[in-house]
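Chemist: sequence first, predicted model second:
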Amino acid sequence: MLLFLLFLFISPSPRLVMTSFFYGMALQRHGNRVSSINTCQQWKAVGGGLVVRCSGLRLTKVPVGLSNHTIGLFLSKNHLRCLPTASFSDLFRLEELDLSQNQLSSLEAGCFSQVASSLRYLDLSYNRLTTLDPAVFTGLQVQANLTHNPWHCDCSMQMAVPQLDLDWSSVEKVLCQTSDLPNLGAVGFPLVLLVEDWDLCESVRRTTDMVTLVTMFFWFLMLMSYLVYYIRHNQVVARRHLDYLKFLESRDPFRPR
């Protein structure tokens, strides 16, 4: 205890040292379930507001109890797998959000809805994202870092990308690991150049058109089959009636011979 107090006395940043000490205590008590703001470092920004750093805490969820004065939130190097709807409630002043080096594989629609009007920078690099739902980025106009994700370039990606102002310093590293256009050399191609040069929604429209044509063909085939059956059935019935009438005529005793 005396050594700890001596270290605090000679440390140039006693506040940060004390914060780190509480990190260790919180992690020891809660393990992977750490979600309290008390485990994060925070300090005042130069222009006002708070900057909160919760990096490397093995978090599986976004911390609760964040101040609505937070303008910067760093959640890198954690174990986040999914962002549910309204993950950042009440953070209406948030300008910078770092979610890099997590295990994110899905982003639910509305996960950024609370920060849509204020967010200016979003780091999603080094995650497990394969596609972007356009509904996730509704209302967002941010500079985004999407590098080092196993992207599957499809129609939804093409619709989502225009809503983002991609970080041009890393835009060539946002690569298509798989694609709906594998035969055109799209695999390994930069995403932004791909959506500019090719219509990724064309294959979807072509598939939809083909399904529509096939469906119409089968309906037409069924209609023709029914008509043929109806005509043949009526011919058989008519022939039976005709034969019956001939039979009656042949049995008519008043028929002149």
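Modeler: That came through fine. Numbers count the residues shown, from 1 in each chain.

Chemist: quick one: the strands in the protein?
Modeler: Assigned by DSSP state E, the chain shows strands spanning 41-44, 50-53, 70-74, 82-83, 96-98, 106-107, 121-123, 142-145, 151-153, 164-166, 176-179.

Chemist: and these: which comes nearest Thr60?
Modeler: Across those, Thr60 has its closest neighbour in strand 82-83 (9.5 Å, C-beta to C-beta). All C-beta atoms are positioned from the backbone trio N, CA, C, and that covers glycine.

Chemist: and that closest one, which strands flank it?
Modeler: strand 106-107 (parallel) (DSSP bridges).

Chemist: now the partner strand: mean pLDDT?
Modeler: Taken as a whole, strand 106-107 carries a mean pLDDT of 94.

Chemist: what comes into contact with it?
Modeler: With contact meaning C-beta atoms under 8 Å, 6 or more residues apart in numbering, strand 106-107 is reached by Arg81, Cys82, Leu83, Leu129, Leu132, Asp133, Val136.

Chemist: how many residues are close by Gln177?
Modeler: Per other C-beta atoms under 10 Å, the neighbour tally for Gln177 reads 12.

Chemist: ok, it - contacts?
Modeler: Shown in contact with Gln177 (C-beta under 8 Å, 6+ apart): Thr130, Pro150, Trp151, His152, Val187, Gly188.

Chemist: what's the spacing between it and Ala116?
Modeler: According to C-beta to C-beta, to the nearest Å, Gln177 stands 28 Å off from Ala116.

Chemist: could you pull out the helices for the stretch 1-150 of the chain?
Modeler: 2-10, 14-30 (DSSP state H, counting those that start in this stretch).

Chemist: contact partners for Cys201?
Modeler: By C-beta under 8 Å, 6+ apart, the residues touching Cys201 are Cys155, Gln158, Met159.

Chemist: surely the second one meets Leu191?
Modeler: Going back to what we said before, that points to Gln158. No. Gln158 is beyond contact range of Leu191, at 9.1 Å (criterion: C-beta atoms under 8 Å).

Chemist: which neighbours do those two have in common?
Modeler: In contact with both Gln158 and Leu191: no residue, using C-beta under 8 Å, 6+ apart.

Chemist: what about the two, which has more around it?
Modeler: Leu191 (25 against 22).

Chemist: what sits against the more buried one?
Modeler: Applying C-beta under 8 Å, 6+ apart, we find Leu191 in contact with Leu146, Trp151, Cys153, Met157, Val161, Val174, Leu175, Cys176.

Chemist: I'd like the distance between the nearest residue to Gln141 once chain neighbours are set aside and Phe220.
Modeler: Spatial nearest neighbour of Gln141, chain neighbours left out: Asp165 (6.7 Å); criterion: C-beta to C-beta, 6 or more residues apart in numbering. Separation of Asp165 from Phe220 (C-beta to C-beta): 49 Å.
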